[in-house]
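Enquirer: pasting a predicted model and its sequence here:
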Amino acid sequence: MKKNFLKLIPIIVIIICTWFSIKYFYQKPNNGKKKSIHQQQSHRSKTDKKSKGTNKYGQKKKGQKTTAEILTPVDFPVELITQGTVKTKTSTTLNALVSGRIIHISPNFQDGAFFQKGEILAKLDPVDYASQIITAEASLARSQASLAKEEATAAQALRNWKDIGFDEKPNDLVLRKPQLREASANVAAQQASLDRAKRNLERTFIKAPFNGRVRNRIVGPGQSVGASTNLGEIYATDAAEIRLPLSSKQLEQITIDEQGDQKIPVTLTDAINSNNKAVWKATIEHVEGELDESSRELFVIAKIKDPFGIVTDSPPVRINQPLKATIIGNTLKGAYIIDRKYVYGADEIILIQDNAILRKKINIIWTTPDTVITQDPELEGKTMATSRLGFATNGSPVEIILPDDLLPDDLLPENPEVNKKDKDPSNKGKGTGRRNSHL
């Protein structure tokens, strides 16, 4: 028993020493350095009251530095940006009107070649049609002789009627009027046959119906074609069209006459090659009468005159070429144009009123890639901050400066301690101690 008690003595000593150590640590006097919780709160309250509007050096606290501009209303012409593909205005297949064998193909009847209206693009063998003319001329001569004979017979019948002494008027049979009408009709029919034979001979020369260009040629020399054979596809070069979609928002900024009584200017540029600086002019003359079922867009048709630069010096445009279109829309009166980088969130700008921040929501009615446009009349003459502010709550003080005086750290709130170190000559060569940016 005594041995067991002796084994517990070291453990008891350790416990007693630990207890005294803890008691000494928590009851150590502060020698007047430690303040009560009440004293700390009172001191903090006094410090807050003293520092409100001033810094810890007693200097007047300055606001964030910013550049600014006066908002002035202007008239803003809306530009509608859209895109489309160039299509031919007039396109058709070239068909032969008579059958025959092709004996000649014009050098201008090749894929991509240009031709003029009335130019002979291909020739058919004319021998059979020349023979038809001779046959028709012979038939016409016989019918004309028969008509002359009937006219003479009718005149003789009228003289005989009078010589006999009949008092009544002779009837049509006596005067052979039915025979005269038949002979006259035969002459007209044979004349029509001759005219048709001449037209068929003329149709062996396949001519261009308009000034145009060949999209593709199907037939070749020596090939026999019928009256409905497709020889190739051609299209007119006097004008081209481009179909441009307009969204419902874009339609609010343009006035379109559904009857087509307008000519809205359009500027076209290359949509796929940014190095192509060519510009084409077009006009919207009519619109489609239906909205697209999937996109709810309305398509307008812009006309491009002389798309291949044949008559004018305009650069040629290719069919099926994608083009970016800029359409001149309505003019917004009394609009304010605000750079996007001055907009906070979705629709807020920072106004400066009495050297303090005033956050203002704006109604954005139109946007461009770099700006937003509003028509709020309350903005006239207001001052808007044009520097990005890191701390932009309502009522925060700001200081307006010139753009040339604005340094990167000037976008942040004033730090007198840092400024003092920067101005102290003894700090040259030492760290500037710049603040971390909040931007």
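Expert: Good, I have the coordinates.

Enquirer: please make it C-alpha for all contacts and neighbour counts, starting now.
Expert: Fine.

Enquirer: now the helices for the stretch 1-150 of the chain?
Expert: 2-26, 37-51, 127-164 (DSSP state H, counting those that start in this stretch).

Enquirer: go through the ones you listed and find the least confident stretch.
Expert: Looking at these, the lowest mean pLDDT belongs to helix 37-51 (a mean of 44).

Enquirer: Gln179 and Glu151, how far apart?
Expert: 9 Å (C-alpha to C-alpha, to the nearest Å).

Enquirer: you'd agree Thr237 is up against Phe308?
Expert: Yes: contact criterion C-alpha atoms under 8 Å: Thr237 and Phe308 qualify, at 7.0 Å.

Enquirer: neighbour-wise, which of these two wins?
Expert: Thr237 (23 against 19; other C-alpha atoms under 10 Å).

Enquirer: please enumerate the helices of the stretch 301-439 of the chain.
Expert: Under DSSP H, counting those that start in this stretch, the stretch 301-439 of the chain gives helices at 416-423.

Enquirer: strands of that one, start to end?
Expert: Per DSSP state E, counting those that start in this stretch, the stretch 301-439 of the chain carries strands over the ranges 322-339, 348-353, 356-361, 364-367, 371-374, 383-385, 398-400.

Enquirer: which of these sits most buried?
Expert: strand 383-385 (a mean of 22; mean count of other C-alpha atoms under 10 Å).

Enquirer: what helices or strands is it leaning on?
Expert: Applying 3 or more C-alpha pairs under 8 Å, 6 or more residues apart in numbering; DSSP states H and E, we find strand 383-385 packed against strand 68-70, strand 348-353.

Enquirer: can you say which of the ones you listed is nearest to Tyr342?
Expert: Tyr342 lies closest to strand 348-353 among the helices and strands packed on strand 383-385, at 6.3 Å (C-alpha to C-alpha).

Enquirer: which residue is nearest the centroid of the protein?
Expert: Thr82 (1.0 Å; C-alpha atoms, centre = their mean).

Enquirer: that one against Ala302, yeah?
Expert: No: with contact defined as C-alpha under 8 Å, Thr82 does not reach Ala302; the gap is 11.9 Å.

Enquirer: joint contacts of those two?
Expert: Common neighbours of Thr82 and Ala302, using C-alpha atoms under 8 Å, 6 or more residues apart in numbering, are Leu244.

Enquirer: quick one on the thing from earlier: report pLDDT for the residue nearest to the centre of the chain.
Expert: 94.

Enquirer: count the neighbours of Arg196 for me.
Expert: Neighbours of Arg196 using other C-alpha under 10 Å come to 16.

Enquirer: looks to me like it is in a helix.
Expert: Yes: applying DSSP: H, G, I helix; E, B strand; the rest coil, one finds Arg196 inside a helix.

Enquirer: pLDDT below threshold where in the protein?
Expert: 1-8, 19-21, 23-62, 403-439 (pLDDT under 70).

Enquirer: domains of it?
Expert: 64-76+334-426, 80-89+239-331, 92-234 (automatic domain parsing).

Enquirer: mind checking the end-to-end distance for the shortest one?
Expert: Domain 80-89+239-331 has its terminal residues 12 Å apart, counting by C-alpha to C-alpha.

Enquirer: gap between it and the chain center?
Expert: 7 Å (C-alpha atoms, centre = their mean, to the nearest Å).

Enquirer: run through the bridge partners of Ala385.
Expert: With DSSP bridges applied, Ala385 shows beta-bridge pairing to Ala68.

Enquirer: would you enumerate the residues in contact with it?
Expert: Thr66, Thr67, Ala68, Glu69, Tyr342, Ile349, Ile350, Leu351, Ile352.

Enquirer: any chance of those in TSV, with distance to Asn230 too?
Expert: Output for the contacts of Ala385, formatted as TSV (distance: C-alpha to C-alpha, whole Å):
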residue	distance to Asn230
Thr66	74
Thr67	72
Ala68	71
Glu69	69
Tyr342	63
Ile349	66
Ile350	69
Leu351	71
Ile352	75
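
Enquirer: and the contacts of stretch 99-107?
Expert: Under C-alpha under 8 Å, 6+ apart, the answer for stretch 99-107 is 120-125, 204, 220-227.

Enquirer: just the buried members of those residues?
Expert: Ile120, Leu121, Ala122, Lys123, Leu124, Asp125, Thr204, Val225 (16 or more other C-alpha atoms under 10 Å).
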